[in-house]
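Novice: okay, sequence plus prediction incoming.
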Amino acid sequence: MADSAHLRGFTLPNAKLLGLPRHSAFVRFTHWSTAISFLGLLVGGIAILLAHPRLYWGETGSVGAPSIVDLPLPFVLEGQSSWGRSLHFLSAWLCVLTGLLYVIYGLLTRHFRTSLLPGKTDFFLDNITRVISEHLRLKRPMEEDSLRYNILQRLAYLTVVFVFFPVMIATGLAMSPAITSVFPALVSVFGGHQSARTVHFFVALLIVFFLVVHIAMVCLAGFTARVRAMITGRSGSRESHR
């Protein structure tokens, strides 16, 4: 969740030289809050999964019942996952709150429109081919290119923010008996509690895959500089702006 330097919708390729902020304070806050909450979700989710590493479809599922996926993971005692459930629950609400604030911010500041929404030229075949080729060849992007998202990055961020996370939230709520007792249609949409759990698991895998690719691209583009930008808000060191 990063901001390109923009002035009335135009990207500034010399933002580094001018010393303009690349990431706003709010974007940096939501980025690291999401990172911390996602780490908690991942650790807690693994602990929960180890308590019963099988996936089902429908309303119920238990040991001995037919499953659709048997994960190659060892069973652990159910009681050992209690801390995982608590961590997962707490991290989930932190992530939801942070995400809600980010979406409101993005709509009010037109961040999604200026930084993430693809333009007509982004869909030109030669542009898409060039971006895919650079990614496949693990080519390090030029500084000017790193100041704005390419078409693949835009589509990936939009998918994560507006598809994956809403599905994760909906399936998470659908697994809660307290929530579904008030809103039974929520679990009916997914075909049952166990169906919601299965969808939740596979979408989580897609988000983890996105995270791995994201970190890999950060390393390719320059890990130290990119992390510094997400901490200080600027692309380069103070000396580089003089």
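Specialist: Received it, and whenever you're ready, just let me know what you need.
Novice: for Leu94, see how far away Ser33 is.
Specialist: Note on Ser33: its distance to Leu94, by Cβ to Cβ, to the nearest Å, is 7 Å. Backbone N, C-alpha and C define where each C-beta goes, glycine included.
Novice: just the helices in the chain please.
Specialist: For the chain, the helices defined by DSSP state H cover 15-18, 25-51, 82-108, 111, 125-136, 151-159, 165-174, 177-182, 184-190, 193-232.
Novice: centroid residue for this protein?
Specialist: Nearest residue to the geometric centre of the chain (Cα atoms, centre = their mean): Val160, 5.1 Å.
Novice: list the residues that contact that one.
Specialist: For Val160, the contact set (Cβ atoms under 8 Å, 6 or more residues apart in numbering) comprises Ile207, Phe210.
Novice: try it again at 10 Å.
Specialist: Met1, Met168, Leu206, Ile207, Phe210, Leu211, His214 (Cβ atoms under 10 Å, 6 or more residues apart in numbering).
Novice: quick one on the thing from earlier: highest mean neighbour count out of the helices of the chain?
Specialist: Highest mean neighbour count of the helices of the chain: helix 111, a mean of 22 (counted as mean count of other Cβ atoms under 10 Å).
Novice: output the contacting helices and strands for that one.
Specialist: Where contact means 3 or more Cβ pairs under 10 Å, 6 or more residues apart in numbering; DSSP states H and E, helix 111 is packed against helix 82-108.
Novice: so for the helix it packs on, what's the average pLDDT?
Specialist: Average pLDDT, helix 82-108: 92.
Novice: ok, stretch 44-56 next?
Specialist: 91.
Novice: before we move on, what about stretch 148-157?
Specialist: For stretch 148-157, the mean per-residue pLDDT is 82.
Novice: likewise for stretch 171-190?
Specialist: 91.
Novice: and the contacts of that stretch?
Specialist: 41, 57, 59, 88-89, 92, 95-96, 167, 170, 191-204.
Novice: CA atoms of that stretch as CSV?
Specialist: Extracted C-alpha coordinates of stretch 171-190, given in CSV (Å, rounded to 0.1, in the frame of the first residue of the first chain):
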residue,chain,number,x,y,z
THR,A,171,-15.6,-16.2,5.4
GLY,A,172,-14.1,-15.5,8.8
LEU,A,173,-17.4,-14.1,10.0
ALA,A,174,-19.2,-17.0,8.4
MET,A,175,-17.2,-19.4,10.7
SER,A,176,-18.4,-17.6,13.8
PRO,A,177,-21.6,-19.2,15.3
ALA,A,178,-22.4,-15.9,17.1
ILE,A,179,-22.3,-13.9,13.9
THR,A,180,-24.2,-16.5,11.8
SER,A,181,-26.9,-16.9,14.4
VAL,A,182,-27.8,-13.2,13.7
PHE,A,183,-26.9,-13.3,10.0
PRO,A,184,-27.6,-16.8,8.8
ALA,A,185,-27.5,-15.8,5.1
LEU,A,186,-23.7,-15.1,5.5
VAL,A,187,-22.9,-18.7,6.0
SER,A,188,-25.5,-19.8,3.4
VAL,A,189,-23.7,-17.9,0.7
PHE,A,190,-20.7,-20.2,1.1
